[in-house]
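S.K.: Provide a 3D model corresponding to the input given below.
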Amino acid sequence: MSLSLAILSTMLFAIATFLTKGVTLKISIYKGIGPLFILNAIFAIPLIPYGPQWKLWEGSILYLHIAGAIASALGAGVIFMMISRSTASVGTLATSLSPAIVLLAGPIFLGTSIALTQILTIVILFFATSIPLRNTVSGLGSLITISLLIFTSTMNGLITIVVSLLFEEGVGVTEIFIVRQILAGSIFMIIFPPTDLDWSDFLLLLRRSIFASLGWISSIYAIQLGSAVVVQSVMATIPIWVILIEIIAYKKRPSQGLIFSSVIIVIGIYVLVHTS
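M.R.: Got it, this is the predicted structure:
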């Protein structure tokens with residue numbers, strides 16, 4: 001059951017990522033991100049009764065929520081910008097290094113250890129991702145593109161670390177997700193008010209949010225019912241699925257560099273999660 005849910009979650013996230021490209025073509029990217037965060041939170045509200053009591057105001061929990069929200073907002077802003085200038089698959093690959101970032105930062109924030117083989121794998125992953133993708137974002141130079149790849153992966157890795165720290169404090173999944181989505185959405189809507197959005201724009205955002213929220217819910221249940229290692233390994237294949245969806249939708253073969261990076265990332269993340 002866990003494996004089936006992990007596969008389902010992977011497919012849902014792949015579809016949500018592909019739909020992101022349509023959102024960036026129709027709606028001002030920064031005006032649409034805030035409502036997407038809020039919609040994600042709304043879809044998770046029915047799960048609140050099944051989780052533990054919220055601990056929002058206890059100790060440093062609120063500060064951890066804020067840190068996770070800021071990382072989510074910054075990461076989403078860059079990813080949406082990259083997708084708007086390139087393809088959904090490039091945006092997906094931009095976040096695929098986040099498990100490697102978690103491994104690197106783990107000894108500092110989580111008290112974990114990292115082996116030499118894992119460090120070497122991370123170095124290979126970095127070059128396998130950055131070199132083929134360095135010229136794939138329109139209007140951006142190679143150095144800026146590589147910097148953005150590192151930045152988005154770092155933000156996603158930071159989110160994972162914050163989630164782990166909140167789990168150690170006994171905070172439930174629904175609180176972690178909903179509070180982060182609401183805070184991140186509020187940040188965007190304050191800075192970029194969602195003005196001039198019509199009903200068709202809302203439906204576009206709603207469709208994307210449904211797939212993203214269902215993907216999140218499926219992944220959580222997959223981890224609860226099985227192994228987080230197996231779930232991470234399955235979800236590392238999301239870039240491959242996004243590429244396949246783009247091939248079907250656009251009837252155009254992706255670049256060899258993009259395919260190469262996707263395959264290397266899948267193999268690399270599989271090695272990392274099974275040696276951690």
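S.K.: helix or strand right after the lowest-mean-pLDDT helix or strand in the chain?
M.R.: When the helices and strands of the chain are scored by mean pLDDT, DSSP states H and E, helix 228-235 comes last with a mean of 62. Using DSSP states H and E, the next helix or strand after helix 228-235 towards the C-terminus is helix 238-250.
S.K.: which parts of that next one are buried?
M.R.: By neighbour count on 16 or more other CB atoms under 10 Å, the buried set for helix 238-250 is 238-243, 245-246. C-beta here means a position set from N, CA and C on the backbone, and glycine is covered the same way.
S.K.: what average pLDDT does that helix get?
M.R.: Helix 238-250 shows a mean pLDDT of 78.
S.K.: could you do stretch 154-166 as well?
M.R.: 81.
S.K.: of the buried residues of helix 238-250, which is the nearest to Ala222?
M.R.: Ile238 (13.7 Å; CB to CB).
S.K.: from the buried residues of helix 238-250, pick the one nearest Leu116.
M.R.: Ranked by distance to Leu116 (CB to CB), those are led by Pro239 at 26.5 Å.
S.K.: quickly note the distance from that closest one to Phe43.
M.R.: 24 Å (CB to CB, to the nearest Å).
S.K.: ok, now Ile70?
M.R.: In terms of CB to CB, Ile70 sits 22 Å off from Phe43.
S.K.: again with Leu19
M.R.: Leu19 is 15 Å from Phe43, where distance means CB to CB.
S.K.: also Leu143?
M.R.: Leu143 is 38 Å from Phe43, by CB to CB.
S.K.: between these two, who's got more neighbours?
M.R.: Shown here are Leu143 and Phe43; by other CB atoms under 10 Å, Phe43 has more neighbours (19 against 9).
S.K.: in the strand or helix carrying Ala44, which residues are buried?
M.R.: Under the criterion of DSSP H and E, Ala44 resides in helix 29-44. The neighbour-count check on helix 29-44 (16+ other CB under 10 Å) flags 29-41, 43-44 as buried.
S.K.: low pLDDT regions in the stretch 51-200 of the chain?
M.R.: Counting by pLDDT under 70, the stretch 51-200 of the chain contains low-confidence residues at 89, 91, 93-106, 108-115, 118, 122, 128-140.
S.K.: in the next helix or strand after the helix holding Ala44, what's buried?
M.R.: Using DSSP H and E, the helix or strand that follows helix 29-44 in sequence is helix 61-85. Within helix 61-85, the residues scored as buried using 16+ other CB under 10 Å are 61, 64-85.
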